[in-house]
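Asker: This is a predicted model, with the sequence first.
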Number of protein chains: 2
Amino acid sequence: MKICGIIVEYNPFHNGHRYHAEMAREQTGADIVIAVMSGNFLQRGEPAIIDKWSRATAALQNGVDLVIELPIEWSVQSADYFAKGAVRLLQMLGCTHLCFGTEEESTFNYEAFGKFVQQNQLRIDREFQRLSDQGMSYPQKMTAVFNTLYPEIALDFSSPNHILGLSYAKENAQYAQPMKLVPITRKSAGYHDEEWSSSSIASATAIRKALSEQRSVTNFIPAATAAMIEAGSQQTWANYWPLLRYRLLSTELANLKTIYQMTEGLEVRMQSAAKKATSFEEFVTLVKTKRYTWTRIQRLACYVLLNIHHEEIHDQQAKCYLNILGFTKAGQQFLKEKKEIPLISKIGKKEAELAHLLVRSDQIYQLGGAIPEQNFGRRPYVSK
Amino acid sequence: MKICGIIVEYNPFHNGHRYHAEMAREQTGADIVIAVMSGNFLQRGEPAIIDKWSRATAALQNGVDLVIELPIEWSVQSADYFAKGAVRLLQMLGCTHLCFGTEEESTFNYEAFGKFVQQNQLRIDREFQRLSDQGMSYPQKMTAVFNTLYPEIALDFSSPNHILGLSYAKENAQYAQPMKLVPITRKSAGYHDEEWSSSSIASATAIRKALSEQRSVTNFIPAATAAMIEAGSQQTWANYWPLLRYRLLSTELANLKTIYQMTEGLEVRMQSAAKKATSFEEFVTLVKTKRYTWTRIQRLACYVLLNIHHEEIHDQQAKCYLNILGFTKAGQQFLKEKKEIPLISKIGKKEAELAHLLVRSDQIYQLGGAIPEQNFGRRPYVSK
């Protein structure tokens, strides 16, 4: 049986995502396509524009058989940790293939890269160490290290999907039975493109921009998704900025210092920026330094908003569960044979303790607008 | 020199307050009338409807010579602690008289009561202890104890000013040179009255109610105060409810448990009420039990909102400072001779560390609306 995994955020789900799911099935000949999807907070440190249930529903209506949540402890992370969490879930589900979009031409060999990293970890770590005191950001160091050690990588870090692909490859290579990697060159729209392409495919960034300007997006997303977006409130950092600001102004520095990834006195910069800033964008601009990227600060802002401390992330990452957001008939059939893995199809008291960061994060997500309860009483969406 | 102290909240300043300041001066023959006034959070656990500077300004334009802030660690407290903080400040300033409003007829002897308590503290503590496991609220126990030990007190606890008067009397009796107590029977309007009286005097409660219903209050407050209220935004718990809710939902129970006055699992009740409630009133209703009064829960909600922990209150209460909000020429002259006491007339870095709970609380108060900076860069208001 061929089982193809994909790793997604769907913020929101659009025609390019449908194309990707179709290609994944076609190119791998998969019987089942499984999406591991970020929950309500995303890799770049942002709230999802619409909630995880709506995004999963759109996916299940458009080519995906099963949607499993990538929980907060793995979703709001740099590429390597994001990949670690997602690949682990796909491995637990027994995926045979991993299909991902990339900006690179199809000639790049991700599997070879993954093996190279596995075999040269010590050299890589040493190179990193050597660069670590030069005030470079993490992506800058990464570029410098790999362009030296693995020149065919041609890394310029303006290609976020390629970067994620490299992380998947590295992580996948650690497993006894790695998945076959199937990169698909992205059609038409680059990740960061803010403008429309002429076709029916636009990037999620462009679609969010259009939505914020109240322009129609119906050419670029499935009709059902469009209806869902119009029905609900759209979440952006602006909705959570008053809460983030309040937390920063009301919390002692000693406590802020123990927030996950709060290093080098960033708590002082953040508190003082919160006093001055009148918007989230202004806040990030004030906190940003040469060493820390915009995305790094956004992720840190998420941890502050969600009040996530060092030890909580580590405790939570040590636990393992698969929160099912929905399935098709085929996905449901597939799950019936997976008795041995810790599937969650209903959040009760026990599950809320197990997945406590997920539950807390969703409760805070709900404060951002007219958002329905995200966990208690919710059951997986079943697509016809 | 006769110096008369008064202890006030001015929420907002109205004609009854002006009458009280005038009576204080007249009945004591004071050269100076000093008001110790709660800052931006009040004794009953509420944000002040307008900020401390506006309220101090109104007082200085209407009969008060000097306004000193009663900081958060003393203002949001039960009557006994509120009295302890306020009487201490008046004692430091060398007040010879303490004048306060009361619902009681002028025959009640507060000084005798103060001395009685001082001389019978052990008996009183024993009586309290005896009642402490019967699920009574604090006011109920207090009524039971004093109605037995000191029958002439005729305590029914529906008279908040009388209760405060008793607390002032108890606290004042502890000092080597107690102030002379001058109770003034309140004119026309009871503390809790929500309705208009026919005269130019209405209770602050009635005035706030009228303001919330956008009825005119110009008959009952000085014109300058009316203008100030109309110019700014009026703060109520509704403005802070989203922040309180967010903190309760985003904070671990172990941390909430260390909030000042969080006892007997109230943190669990509060967190679960925050999930359900859609307004602050609904929230308090859900948390309330027979044992805990509405006011007690409101104060606790303040401590949660302001993130004030056990040890912080005690550390802060151990410090001592007088934050000057404003003065008349006479008040200024009076202060010139007070070189030996820790007066603050400007909050800088050092003062912000000394009075850190006050500064934090004001920063959070400012999040409730279009409220100007409350500390940095502010100087005492000087009344002509």
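Answerer: Nice, thanks for sending it over.
Asker: quick one, what contacts the residue positioned nearest the centre of chain A?
Answerer: In chain A, the residue lying closest to the centroid (C-alpha atoms, centre = their mean) is residue A:43, at 3.7 Å. By C-beta atoms under 8 Å, 6 or more residues apart in numbering or on different chains, residue A:43 lies in contact with A:9, A:75-77, A:79, A:82. In this view, the C-beta of every residue, glycine as well, is placed from N, C-alpha and C.
Asker: what's the closest of these to chain B?
Answerer: Here the nearest of the contacts of residue A:43 to chain B, counting by C-beta to the nearest C-beta, is residue A:76; it sits at 14.9 Å.
Asker: Next one, pLDDT for the closest one please.
Answerer: Note on residue A:76: pLDDT of 98.
Asker: one step back: would you tell me what helix or strand the residue nearest to the centre of chain A is located in?
Answerer: For residue A:43, there is no enclosing helix or strand under DSSP states H and E.
Asker: ok, so what distance separates it from residue B:375?
Answerer: Residue A:43 sits 39 Å away from residue B:375, taking C-beta to C-beta, to the nearest Å as the criterion.
Asker: try residue A:339
Answerer: Applying C-beta to C-beta to residue A:339 and residue B:375 gives a distance of 62 Å.
Asker: And these two? Which one has more around it.
Answerer: Set side by side, residue A:339 and residue B:375 show more neighbours around residue B:375, with 19 against 7, by other C-beta atoms under 10 Å in any protein chain shown.
Asker: ok, now which ones touch the more buried one?
Answerer: With C-beta under 8 Å, 6+ apart, residue B:375 has these contacts: B:347, B:352, B:358-359, B:362.
Asker: now these: which count as buried?
Answerer: B:347, B:358-359, B:362 (16 or more other C-beta atoms under 10 Å in any protein chain shown).
Asker: With secondary structure and distance to chain A added, can I get the residues you listed in JSON lines?
Answerer: Formatted as JSON lines, the buried ones among the contacts of residue B:375 follow (DSSP: H, G, I helix; E, B strand; the rest coil; distance: C-beta to the nearest C-beta, whole Å):
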{"residue": "B:347", "secondary structure": "strand", "distance to chain A": "14"}
{"residue": "B:358", "secondary structure": "helix", "distance to chain A": "14"}
{"residue": "B:359", "secondary structure": "helix", "distance to chain A": "10"}
{"residue": "B:362", "secondary structure": "helix", "distance to chain A": "10"}
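Asker: Tell me the one among these nearest to residue B:278.
Answerer: Minimum distance to residue B:278 across these is 27.8 Å, recorded for residue B:362 (C-beta to C-beta).
Asker: Near the closest residue to that closest one other than its chain neighbours, how many other residues are there?
Answerer: When the adjacent residues along the chain are set aside, residue B:362 lies closest to residue B:374, with 3.8 Å between them (C-beta to C-beta, 6 or more residues apart in numbering or on different chains). Number of residues near residue B:374 (other C-beta under 10 Å) recorded here: 20.
Asker: what secondary structure does residue B:374 sit in?
Answerer: Secondary structure, DSSP: H, G, I helix; E, B strand; the rest coil: residue B:374 is coil.
Asker: right, and residue A:108 touches residue A:183 too?
Answerer: Yes - using C-beta atoms under 8 Å, residue A:108 makes contact with residue A:183 at a distance of 7.2 Å.
Asker: between these two, who's got more neighbours?
Answerer: Taking other C-beta under 10 Å, residue A:108 and residue A:183 do not tie; residue A:183 has more neighbours (25 against 17).
Asker: Quick check, that one in contact with residue A:104.
Answerer: Yes - between residue A:183 and residue A:104 there is a contact under C-beta under 8 Å: 7.0 Å.
Asker: Pull up the overlap in contacts between the two.
Answerer: Common neighbours of residue A:183 and residue A:104 (C-beta under 8 Å, 6+ apart) are residue A:165.
Asker: related to what we said a few turns ago, top of the contacts of residue A:43 by neighbour count?
Answerer: residue A:76 (30 neighbours).
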